[in-house]
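**Student:** let me see the structure of the following:
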Amino acid sequence: MATSYDAILVGGGHNGLVCAAYLAKAGKRVLVLERRDVVGGAAVTEEFHPGFRNSVAAYTVSLLQPKVIADLELPKHGLRVVQRKLNNFLPLPDGRYLETGAGRTREEVAKFSKKDADALPEYERRLDAIADVLRAVALEPPPNVTDGGWLAALPELIRAGKLGRRVGTLDATLRNDLLDLFTISASEYLDRFFESEPIKAVLGFDGVVGNYASPYTPGSAYVLLHHVFGEVNGVKGAWGHAIGGMGAITQAMAKSATAAGVEIRTGCGVRELVVEQGRVVGVVTSDSEVLRARSVVANVNPKLLYEQLLARDVVPVPTRERMANWRCGSGTFRMNVALSELPRFTAKPEQGDHLTAGIILAPSLAYMDRAYLDARAQGWSREPIVEMLIPSTLDDSLAPAGRHVASLFCQHVAPTLPNGASWDAHREEVADLMIDTVDAFAPGFKASVLGRQIKSPLDLERDFGLIGGDIFHGALSLNQLFSARPMLGQANYRGALPGLYLCGAGTHPGGGVTGAPGHNAAKVILRDLR
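**Tutor:** Below you'll find the model as predicted:
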């Protein structure tokens, strides 16, 4: 059968849609295959209780690349993002609270420590400067380790040289900080600047988001940095909400891709990739249809790609070994709840801007550490970490008048429960615990819950292909970052076999709703197709 497409995308998540749109805009014939009945992967909006809609898995906007928004003309296709009125709200068990954002952070921190308030500008200056360098490299393939001769190595040496020049713009102190942020714990880095627990809790929370680790775990400082990359409507470090939920982002991407000529098929999974004479030449769908293409682009977890979509004997041994050791599992338990009314926090019972923020229920780094250790030992933390967002405070399209929806991003839970226990047997029990945890900070919250949607790590894996519930398609640890993501020799989005490419969050620069992997992979694929 003759080649039908220039590229077939396996998976219609946001990075697959971004990659497809760029390829089609360059005149290529592109097909996107999505197993579910709706595109968007983990960035989708669904009605989960009659009259109540919310983002099902991914739940907030910050890391989405401005270049991707502009190139795909997402606002023209319906995307509108509004900024939270505050970044974070941290209620404390003793009735005090800390708010961050909107020019108020320093004054708020001073309530707990004048020394910390004075240290805050220097902390922010350092992270902003480092984040600026990393923002620049996020939209480029990292230097790739190659087995070829000097002709193959030359482009990688040039790329490494460009990176070196960017890092060279940092002064010696910042270069040392950059190294430390890749290797030390969030706690160790924050202790250099701050003495009070509330500010360390707010900032350190970003070191464990989606990361099955303690804030005392070496390497967690990088996850903290990863979450500083973002911006909303030109404001660096801000967080926002897409009107209509996260599905509004991927629906706008799908419209942009379709307008460029992309063909999208939903309800059409891929059973396996077709390999002929050592080259990937197409796919076999779940309905046994064979489709051929000059390139096949996998927008799935690399472990799923190499262990489930390719026959074992065609995968090179180094890749098989790497995937056997590819660390997945983010300790995430995700919930959406329909509310009869807004919560009233003991620390701040009135309604206000704090209810538009990311509400962090984890008062200290020590609390987060105990949550992790408890989950490791017991399967889930008895005193869990919960971040709650109430997007209906910014978007009245999500709930009936006077009602609200809340997203609960809960940690820590074990991706796989000990002693052979199944998440299906314990999901309701753990969901009750998460509701009770919020109720302890906001009495009456439990009574206001009209309905709920639960996504255990097993649900996230079954529904969205997030192995172990891993929202990043692989841990953001030093050995799984940059040129080692997903492995040395495949950092340039080219897979283990000719004709195979990767464009998902398991490639550089990693997880989050960024669009960067899709953007970067498209550039490489277009170069090869030429």
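**Student:** touching, E73 and A257? I think so.
**Tutor:** No: assessed by CB atoms under 8 Å, E73 is found out of contact with A257, at 11.2 Å. For every residue, glycine as well, the C-beta is placed using N, CA and C.
**Student:** angles on the backbone of the closest residue to S4 other than its chain neighbours, please.
**Tutor:** Spatial nearest neighbour of S4, chain neighbours left out: R292 (5.5 Å); criterion: CB to CB, 6 or more residues apart in numbering. When read as degrees, to the nearest 10, the backbone of R292 gives phi -110, psi 150.
**Student:** between E73 and A257, point out the one with more neighbours.
**Tutor:** Between E73 and A257, A257 has the larger neighbour count (other CB atoms under 10 Å), namely 29 against 15.
**Student:** quickly find the element holding that one.
**Tutor:** Assigned by DSSP states H and E, A257 belongs to helix 247-259.
**Student:** which neighbouring elements make contact with that helix?
**Tutor:** helix 14-25, strand 45-49, strand 263-265 (3 or more CB pairs under 8 Å, 6 or more residues apart in numbering; DSSP states H and E).
**Student:** so what secondary structure elements neighbour the second one?
**Tutor:** Translated: strand 45-49. strand 52-55, helix 247-259, strand 333-339, strand 449-455.
**Student:** average pLDDT across that strand?
**Tutor:** For strand 45-49, mean pLDDT is 97.
**Student:** kindly report the same for the first one.
**Tutor:** Looking at helix 14-25 alone, the average pLDDT works out to 98.
**Student:** packing partners for the helix or strand following that helix?
**Tutor:** Toward the C-terminus, helix 14-25 is succeeded by strand 30-33 as the next helix or strand (DSSP H and E). If you count contacts as 3+ CB pairs under 8 Å, 6+ apart, strand 30-33 packs onto strand 5-10, helix 14-25, strand 263-265, strand 290-298.
**Student:** paired strands for strand 30-33, with orientation please.
**Tutor:** strand 5-10 (parallel), strand 263-265 (parallel) (DSSP bridges).
**Student:** same question for it, mean pLDDT?
**Tutor:** Averaged across strand 30-33, pLDDT comes to 98.
**Student:** alpha carbons only: can I get it in PDB?
**Tutor:** Provided in PDB are the C-alpha atoms of strand 30-33 (Å, rounded to 0.1, in the frame of the first residue of the first chain):
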ATOM      1  CA  VAL A  30      -1.200  14.700   8.900                       C
ATOM      2  CA  LEU A  31      -3.500  12.300  10.800                       C
ATOM      3  CA  VAL A  32      -4.100  12.300  14.500                       C
ATOM      4  CA  LEU A  33      -5.400   9.100  16.100                       C
END
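**Student:** in the stretch 101-250 of the chain, where is pLDDT below threshold?
**Tutor:** Flagging of the stretch 101-250 of the chain using pLDDT under 70 yields the residue ranges 145-164, 229-232.
**Student:** show me where it has strands.
**Tutor:** 231-232, 235-236, 240-242 (DSSP state E, counting those that start in this stretch).
**Student:** packing partners for the strand or helix carrying Q411?
**Tutor:** Taking DSSP H and E as the criterion, Q411 maps to strand 404-413. If you count contacts as 3+ CB pairs under 8 Å, 6+ apart, strand 404-413 packs onto strand 52-55, strand 333-339, helix 365-378, strand 380-389, helix 423-441.
**Student:** tell me, how many residues neighbour V297?
**Tutor:** Residues lying near V297 (other CB under 10 Å) number 31.
**Student:** ok, and the closest non-adjacent residue to it?
**Tutor:** Y501 (4.5 Å).
**Student:** for the one you found, name its beta-bridge partners.
**Tutor:** V297, R494.
**Student:** now A421, nearest residue through space, not along the chain?
**Tutor:** Computed as CB to CB, 6+ apart, the closest residue to A421 that is not its neighbour in sequence is G379, at 6.6 Å.
**Student:** what about the one you found, how many neighbours?
**Tutor:** Residues within reach of G379, counting by other CB under 10 Å, total 18.
**Student:** that one touches P418, doesn't it?
**Tutor:** Yes: at 5.5 Å, G379 counts as touching P418 under the criterion of CB under 8 Å.
**Student:** the residue nearest to V297 - how many residues pack around it?
**Tutor:** Y501 has 25 neighbours, counted by other CB under 10 Å.
**Student:** repeat for the one 10 residues further on
**Tutor:** When neighbours are counted by other CB under 10 Å, G511 registers 26.
**Student:** contact partners for the nearest residue to it once chain neighbours are set aside?
**Tutor:** Spatial nearest neighbour of G511, excluding adjacent residues (CB to CB, 6+ apart): F472 at 2.9 Å. Listed by CB atoms under 8 Å, 6 or more residues apart in numbering, the contact partners of F472 are G210, S330, A505, G506, G510, G511, G512.
**Student:** where does F472 land in three-state SS?
**Tutor:** Using DSSP: H, G, I helix; E, B strand; the rest coil, the structure places F472 in coil.
**Student:** just give me the closest of the contacts of F472 to N301.
**Tutor:** Using CB to CB, G506 is the member of the contacts of F472 that lies nearest N301, at 5.4 Å.
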